[in-house]
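Enquirer: sequence and predicted structure, then a few things I'm wondering about:
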Amino acid sequence: MRDRPYLSVIAFGLVTMLTAFAVREGGPSDVEAIDVDPVIWTIGQDYPATLPGDIELPIRTVYIKTHDGSNWMSTYDDHPSAISGPAAIQNLINIYGDQGIKVAAWFNPTGTDYAAQLEIAKQVIDSGVTALYADVEPYPQFCYLHCKQLADNLWKPLSAARPNAELGVIYDPRPWWWEQQALNDWFSVSDAALPMCYWDSYSGQGVWNDAAGCVLQAHADLATLAPGKDLAYIPMLQGNSTAAKFEKALDAAVSVGSERVSVWRRGVIGNDVWELIGQYQEPDFFFCRQALADRCLFREVSDANVYMMAGGAKFTLVSLEAFNRMGLSFDDVQVVEDGFLANVPLVPQDGTLLREEESADAWVIYNGGRFRLADVDFAGLALNAGAVVKIATGALGQVPTVPHDFARFREFSHSDDHLVVRGMRIRIDATVESALQLLGISKPANVVPDLALEAFPTATIGRGDTDCSGNIEPNDVLNALQIGSGLPNGAICYQSADVNCDGTAASMDALLILAFVVGNPNLIPNDCDPVGTPSGLG
């Protein structure tokens, strides 16, 4: 809110305002899917003759400015209903209440008369408003150079004195102003965050110049500004903008869970924006941000690339032709803040079924790898052919053909389980199973089509590599020593511990492995291959 409320000469009288409020019977529309709360700065300017009365608009709550520093708003607003004290607040609460509209209050903390401002703020809360919001902008005539002192000497004592009041902070969300506004201090005792998303006013300032981007980025930044706080998110949107931009901002607010937005300010909102507000419905894709559901579409604010979700992973839609062939609509693309997609994986969840849109081959994902499916495999593996998600041609290349190390598999027609380690397989016997359990990585096998494991050659584990890590290191010495002593150990590739070829793993084997680790590999008997050579395990 950059306008400064100096003394106004307003032509409207109280009778005019009451008449405007009562144009028709009824109440606020129930059509809108998110509450849109207009801000009132001065009564005359925010109730122009060109706009209908509140009863004709989709309004459930208004935010009335009650005071500026230690002065009531009647100092700056000569309207008969301007706030001059608690009685004037209660009068407006009654007027709006008759129309089914609630009243929240906002004010501009400024200067150093902390005690006087604290007393006024208490009176405002005690008058019965639903909330009190502090406008803490870092400019002259606002809190400016006293933002931190006001947080410490006004806001925190107010929270302690009125612990049940809903307190919120109106602020400039651009990061270069955070420190001067002392936002961490204000948010520490607040219940709501109201970032000023004035995208047109922030022209040329990257994400802040984007209606959706500003709402999304300000929400993401709350993790830094108010760590651990579950704040109501009520972005303050730019009212004197286009309906198209306003709709994008509403969509963004819905996508991050906002139940309401505020608007600066009632008197400058155009009829086209009011019409949009009255007809607005949550978009079908509003759940996508939380669920990352299949076929949800995302685009970051500063990136033209569109990504489709499948199995919780992101896949690039590389061409308009692919977009159209797959029956997708650009109307369903949800804009998210820059960096959001960095946290979305490239590899889908286990059990995800995929098919490239110009291919007959279907694939199932297990443990970070993909396995080709024939038609007969769907019934045999109890997979639902109707659950296959179609992705763009070439997109499957981001999913490896080799699963994570120590993934466990069994072919459909066979009883043996195998581990896949570094692209090779190891048959699981009782000793390997015991080691897996000891390490806490024994899990049921994923059942894959017959012959699928033929793609992974039998493992050739180096002699002395007891844990199948691909390296011979101190941990292998410990494993060999524990095997020989009968102690629990993590030697999944336990056979490789017998480096002296006497049929058992014992302390001598541990010594020989240690010699290799420290650079003396020549202690191995002549009739036994050196540590590190293939052990024949598999």
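Expert: Done, it's in.
Enquirer: regarding this structure, what is its longest helix?
Expert: Taking DSSP state H as the criterion, the chain has its longest helix at helix 211-225.
Enquirer: which SS class is residue 527?
Expert: Assigned with DSSP: H, G, I helix; E, B strand; the rest coil, residue 527 falls in the coil class.
Enquirer: just to revisit the earlier point, packing partners for the longest helix of the chain?
Expert: helix 183-187, strand 192-197, strand 236-238, helix 243-255, strand 333-336 (3 or more CB pairs under 8 Å, 6 or more residues apart in numbering; DSSP states H and E). Glycine gets a C-beta too; all of them are placed from N, C-alpha and C.
Enquirer: lowest average pLDDT across these?
Expert: Ranked by mean pLDDT, the helices and strands packed on helix 211-225 bottom out at strand 333-336, with a mean of 90.
Enquirer: report the buried residues of that strand.
Expert: 333-336 (16 or more other CB atoms under 10 Å).
Enquirer: got the angle for the longest helix of the chain vs helix 243-255?
Expert: Computed with axes from the mean of the first three to the mean of the last three CA atoms, to 10 degrees, the direction of helix 211-225 lies at 30 degrees from that of helix 243-255.
Enquirer: model confidence over whichever helix or strand comes after helix 211-225, on average?
Expert: Using DSSP states H and E, the helix or strand that follows helix 211-225 in sequence is strand 232-233. Per-residue pLDDT over strand 232-233 has a mean of 98.
Enquirer: how about residues contacting strand 232-233?
Expert: Defining contact as CB atoms under 8 Å, 6 or more residues apart in numbering, one finds that strand 232-233 is touched by 168, 191-193, 219, 222, 253, 256-260.
Enquirer: what do you get if the cut-off is 10 Å, keeping everything else the same?
Expert: With contacts defined as CB atoms under 10 Å, 6 or more residues apart in numbering, strand 232-233 is touched by 131, 166, 168, 190-195, 215, 218-219, 222, 253, 256-261.
Enquirer: quickly run through the sheet partners of it, with directions.
Expert: Counting by DSSP bridges, the strands paired with strand 232-233 are strand 192-197 (parallel).
Enquirer: distance of residue 379 relative to residue 412?
Expert: To residue 412, residue 379 is 11 Å away according to CB to CB, to the nearest Å.
Enquirer: what does residue 488 give?
Expert: As judged by CB to CB, residue 488 and residue 412 stand 34 Å apart.
Enquirer: next one: residue 395
Expert: 27 Å.
Enquirer: and what of residue 365?
Expert: 17 Å.
Enquirer: quick one, which of the two is more surrounded?
Expert: Applying other CB atoms under 10 Å to residue 365 and residue 412 shows that residue 365 carries more neighbours, namely 23 against 14.
Enquirer: isn't that one up against residue 398?
Expert: No - with contacts counted by CB atoms under 10 Å, residue 365 stays clear of residue 398, the gap being 11.4 Å.
Enquirer: between the two, which contacts overlap?
Expert: With CB under 10 Å, 6+ apart as the test, residue 365 and residue 398 both reach 313, 347-348.
Enquirer: ok, the helix or strand that contains residue 36: who's next to it in the sheet?
Expert: According to DSSP H and E, residue 36 maps onto strand 35-40. Counting by DSSP bridges, the strands paired with strand 35-40 are strand 61-68 (parallel), strand 260-264 (parallel).
Enquirer: where's the helix or strand just after it relative to the chain centroid, distance-wise?
Expert: Using DSSP H and E, the helix or strand that follows strand 35-40 in sequence is helix 43-46. How far helix 43-46 lies from its chain's middle: 38 Å, per CA atoms, centre = their mean, to the nearest Å.
Enquirer: just the CA trace of helix 43-46, in CSV.
Expert: C-alpha atoms of helix 43-46 as CSV (Å, rounded to 0.1, in the frame of the first residue of the first chain):
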residue,chain,number,x,y,z
ILE,A,43,-14.2,5.6,2.7
GLY,A,44,-14.9,8.2,0.1
GLN,A,45,-12.2,7.0,-2.3
ASP,A,46,-13.1,3.4,-1.9
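Enquirer: residue 511: neighbouring residues, count only.
Expert: Neighbours of residue 511 (other CB under 10 Å): 15.
Enquirer: who touches the nearest residue to it once chain neighbours are set aside in this structure?
Expert: Nearest residue to residue 511 in three dimensions, chain neighbours excluded: residue 523, at 7.8 Å (CB to CB, 6 or more residues apart in numbering). Applying CB under 10 Å, 6+ apart to residue 523 gives the contacts 499-500, 508, 511-512, 514-516, 530-531.
Enquirer: so which of the residues you listed is the most crowded?
Expert: Going by other CB under 10 Å, residue 499 tops those with 31 neighbours.
Enquirer: so that residue sits in a helix?
Expert: No - counting by three-state DSSP, residue 499 is not found in a helix; it is coil.
Enquirer: the stretch 401-538 of the chain: helices as residue ranges?
Expert: With DSSP state H, counting those that start in this stretch as the criterion, the stretch 401-538 of the chain has helices at 430-438, 474-485, 507-517.
Enquirer: which parts of the second one are buried?
Expert: For helix 474-485, the buried set under the neighbour-count rule, 16+ other CB under 10 Å, comprises 475-484.
Enquirer: all good on my end, thank you.
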